[in-house]
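Novice: Provided below for reference: sequence and predicted model.
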Amino acid sequence: LKYAFREEMNEPLHKKLEETKTIRAEISHALQTDLKLSCKAVCFGYASNYYRSVNRQNLIRVMEEIESSYVFVNGVFDDAMSVYHEEANGKPWYQFTYLDPVLEEICSHDAVPWIELGRIPGDLIADKKNIFQGGYVQLPDDLNKWKKLLEVTFCHYREMYGEEISKWKFSVFPALYAAYGIFTMDSWLAFYECTFRAIRKNIPGACITGGTFDTVMLRQDGEDVVLQFLDYCTLHDCMPDELSLQSFTVDYSGIPRKELEENIQGKDENYFMEPAPPSKDRHKLRSDGLFIKEILAKRNMGKLPLSILYWDASMWSNDLGSDTCYKSAYLVHTIMDNRELITFLNSTQITDFYPEGRKNVPLFRGNQGMFTAQGIPKAAYYAYILLSKMGPVLIDQEEGYCITTDPDRQKVQILLYHYCHYNLDVHIGKELPRQEQMTIDRYYFFEDQGMMNFQLYLSGLQAGRYRVERYTISRDGGSSYDYWRRIGAPDKL
């Protein structure tokens, strides 16, 4: 069979297989009394997204329904945001007409902005050559002008928000682009130090994340670049509060670096191919986190917190599994798998990228967002909703389940999941024709591990009457993609 038969969607093979897991938990037991899951940050993406109404509405909904601490925004200095300008004589001038409403929206919902300082304004670059999704992936020609831009920006928002700005979080433009040869590591280190000092001088209490190395590349290229960064920070007294990383569940091995770069940018025919195939490791992010901790230990920095800025099951914006229940299980599995290892896991992006200039794109096209480009919540969104309901006292957690409670032990939250990884033997890494995207059984591409039954025994419950609330994400409910398929995959909902 080239693809799964349509009938498999109605009578999936996994209904023939069953496994039972028995869980015994004592309510008075506490593995941790201040549980803070690493998923307390949501990724809005590029600041200019705010000016598409569906993105703005989705952001508001997420902030109201998911208990997240931070909202991650990048591209704040993209030319579309019109912050930085230069007159003919080179004299700079600044305006925040478009950036102000973005940050005002975040702060008005009691969330904290997490801002990536990068993607340089065009007027700070003479040789404009590396454009990615509307922004310049380059370093500024003049660090003094960059420093002045940061100082003016920080001053502007301090006047608006006062000392509240000290709670904000800032990330420095990723070092990972040095691996592509876009700039040298030495030039990036000078840029990093300049940015770090501007933040510390103007907002001393702000949290700074720095580095943003690609963990997959580090495994290929070696650890020297991270050690170089740590040594530089030690020597120049500019160590970040958190080491930031990019860690997708993919495998770059065997792909030449230049080809990988073109794949990621989606140039020419590469637009219709995935940049890199999925990794065989179902615990990929955890493996990468432990790998980084080993590097940090070589400089006696094993306690430096890790923040994952960019991550997902795939790097591809046309991975059909992203719309399915698989994505919700992947998110819960990965977040719980890294509960103690990762301090912050930035969420997957809130809204799918809008397919500019493309005709006849299906409503569910495999993009990585929690919502479709039309604003329909996907299974991934409800995974974050359920994670936000977990209590602060951790009773027990293993693969497939997590049990929490409140300090007074009056409420118990039980999260059950059954994660099945990609089946690489049948994985398809190219974009399918529109009709096949709409009719193919997308669950065929994953391992068939059968049904998982849970037998749960809770002891130590106080006597009384309890109300049971059950929330389920499955192909029968909680998955807009599966509903869309059941009603005939219409062009609009």
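Specialist: Yep, it's here.
Novice: List the residues that contact the residue lying closest to residue 311 once chain neighbours are set aside.
Specialist: Leaving out its chain neighbours, the residue that sits closest to residue 311 by C-beta to C-beta, 6 or more residues apart in numbering is residue 247, at 4.9 Å. Every residue, glycine included, has its C-beta placed from N, CA and C. Residue 247 sits next to 214-216, 284-285, 288-289, 308, 310-311 when contact means C-beta atoms under 8 Å, 6 or more residues apart in numbering.
Novice: Most neighbours among those residues, please name it.
Specialist: With neighbours defined as other C-beta atoms under 10 Å, the most crowded of those is residue 288; it has 28 neighbours.
Novice: ok, back up a step: let's see which of the contacts of residue 247 end up in strands.
Specialist: 214, 308, 310 (DSSP state E).
Novice: I'd assumed residue 345 was in contact with the last one.
Specialist: No - between residue 310 and residue 345 no contact is recorded; they are 10.4 Å apart, counting by C-beta atoms under 8 Å.
Novice: ok, residue 463 - how many residues close by?
Specialist: As a burial measure, residue 463 scores 4 neighbours (other C-beta under 10 Å).
Novice: same deal with residue 65?
Specialist: Residues within reach of residue 65, counting by other C-beta under 10 Å, total 14.
Novice: Give me the spatial nearest neighbour of it, chain neighbours excluded.
Specialist: residue 385 (6.2 Å).
Novice: With residue 332 instead?
Specialist: With C-beta to C-beta, 6+ apart as the measure, residue 417 is the residue that lies nearest to residue 332, at 4.7 Å, once sequence neighbours are left out.
Novice: quick revisit: check the contacts of residue 247 against residue 159 and report the nearest one.
Specialist: Ranking the contacts of residue 247 by separation from residue 159, with C-beta to C-beta as the measure, puts residue 310 on top at 31.7 Å.
Novice: Quick one: residues contacting the closest one.
Specialist: Contact partners of residue 310, counting by C-beta under 8 Å, 6+ apart, are 212, 246-248, 346.
Novice: Look up the residues forming beta bridges with it.
Specialist: residue 246 (DSSP bridges).
Novice: Against residue 58, how distant is it?
Specialist: When C-beta to C-beta, to the nearest Å is the yardstick, residue 310 and residue 58 sit 19 Å from each other.
Novice: Next one: residue 393 from residue 458, what distance?
Specialist: Distance, residue 393 to residue 458, by C-beta to C-beta: 14 Å.
Novice: for the stretch 201-350 of the chain, what spans make up the strands?
Specialist: When secondary structure is read from DSSP state E, counting those that start in this stretch, the stretch 201-350 of the chain shows strands at 207-214, 242-246, 306-310, 344-349.
Novice: The ones you listed into TSV, with extra columns for distance to residue 71 and mean pLDDT?
Specialist: As requested, the strands of the stretch 201-350 of the chain are exported to TSV (distance: least, C-beta to C-beta, whole Å; pLDDT from 0 to 100):
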stretch	distance to residue 71	mean pLDDT
strand 207-214	14	96
strand 242-246	16	97
strand 306-310	13	95
strand 344-349	9	89
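Novice: Any idea which of those gets closest to residue 42?
Specialist: Between residue 42 and the strands of the stretch 201-350 of the chain, the shortest gap by C-beta to C-beta is with strand 344-349, which sits at 4.4 Å.
Novice: So which residues lie in contact with that closest one, not counting its own?
Specialist: In this structure, residues lying in contact with strand 344-349 by C-beta under 8 Å, 6+ apart are 38-45, 68, 70, 72, 114, 242, 305, 307-312, 331, 334-335, 338, 368-370, 380, 384.
Novice: Could you check which of residue 393 and residue 458 is surrounded by more residues?
Specialist: More neighbours surround residue 393 than the other of residue 393 and residue 458, with 24 against 16 (other C-beta under 10 Å).
Novice: residues contacting that one?
Specialist: Counting by C-beta under 8 Å, 6+ apart, residue 393 touches 30, 32-33, 35, 404-407, 409.
Novice: what's the burial count for the nearest residue to residue 281 once chain neighbours are set aside?
Specialist: Taking C-beta to C-beta, 6+ apart, and ignoring the residues beside it in sequence, residue 281 has residue 287 as its nearest neighbour in space, at 5.6 Å. Taking other C-beta under 10 Å as the neighbour definition, residue 287 ends up with a count of 17.
Novice: what are the bridge partners for residue 169, then?
Specialist: residue 114, residue 207.
Novice: Might one say that it is in contact with residue 117?
Specialist: No - counting by C-beta under 8 Å, residue 117 is not a contact partner of residue 169; they are 11.0 Å apart.
Novice: Please, where are all the helices along this protein?
Specialist: 7-10, 53-65, 99-108, 143-161, 185-202, 215-221, 224-236, 257-265, 284-297, 325-337, 379-388, 434-439, 480-486 (DSSP state H).
Novice: Minimum distance to residue 413: which of those helices has it?
Specialist: Across the helices of the chain, the minimum distance to residue 413, taken as C-beta to C-beta, is reached by helix 379-388, at 8.9 Å.
Novice: and the closest one, what does it pack onto?
Specialist: Helices and strands touching helix 379-388, by 3 or more C-beta pairs under 8 Å, 6 or more residues apart in numbering; DSSP states H and E, are helix 53-65, helix 325-337.
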